[in-house]
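Novice: Dropping a prediction and its sequence here:
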Amino acid sequence: TGKRVFHGEMIDISRGGLSFTIRISKKESAHLLLGRQIVSEITLKGKQVLECLGLIMGVTCQHEMLKEYSVHIKFYQELKQHQVTDVLNLVL
């Protein structure tokens, strides 16, 4: 109840948070995300899933015509450096 699933493209990650882009049809809906808790799931090699719990700190319109927004998350607990490296190895 009250849970929604977003499939977005990650654009940045650090030990303290991440950001990703999603499409949202209404600008008002995008602003309703601010301050919400979120669980980000990142699938690593071998289908291992890294779960990151955090808070949505910002939502920024990237392309108004495409209704594309970036969502900025601050983790409750910092990732370990090897976890960030594992994520970065997926895109390199």
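Specialist: Thanks, I have the structure now. Residues are numbered from 1 along each chain as shown.
Novice: Give me the buried stretch members for the biggest strand by length in the chain, please.
Specialist: Assignment by DSSP state E gives strand 49-63 as the longest strand of the chain. By neighbour count on 16 or more other CB atoms under 10 Å, the buried set for strand 49-63 is 52, 54, 56, 59. Glycine gets a C-beta too; all of them are placed from N, C-alpha and C.
Novice: Then stretch 24-39?
Specialist: Residues of stretch 24-39 classed as buried under the neighbour-count rule (16+ other CB under 10 Å) are 24, 30, 33.
Novice: Pipe those residues into JSON lines and attach distance to residue 84 and secondary structure per row.
Specialist: As requested, the buried residues of stretch 24-39 are exported to JSON lines (distance: CB to CB, whole Å; DSSP: H, G, I helix; E, B strand; the rest coil):
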{"residue": "24", "distance to residue 84": "27", "secondary structure": "coil"}
{"residue": "30", "distance to residue 84": "27", "secondary structure": "helix"}
{"residue": "33", "distance to residue 84": "24", "secondary structure": "coil"}
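Novice: I'd like those residues as TSV, with distance to residue 87 and pLDDT appended.
Specialist: Below are the buried residues of stretch 24-39 laid out as TSV (distance: CB to CB, whole Å; pLDDT from 0 to 100):
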residue	distance to residue 87	pLDDT
24	24	90
30	25	88
33	22	92
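Novice: Can you tell me which of those residues is closest to residue 18?
Specialist: Ranked by distance to residue 18 (CB to CB), those are led by residue 33 at 14.4 Å.
Novice: rewinding a little: which pair in the buried residues of strand 49-63 spans the largest distance?
Specialist: So, the buried residues of strand 49-63 by CB to CB: farthest apart are 52 and 59, at 17.5 Å.
Novice: Kindly check the end-to-end length of stretch 56-71 for me.
Specialist: End-to-end distance for stretch 56-71, by CA to CA, to the nearest Å: 7 Å.
Novice: now do stretch 36-52
Specialist: Terminal-residue distance, stretch 36-52 (CA to CA): 14 Å.
Novice: so how far is that stretch from its chain's centroid?
Specialist: Taking CA atoms, centre = their mean, to the nearest Å, the mean C-alpha location of stretch 36-52 is offset from the chain mean by 10 Å.
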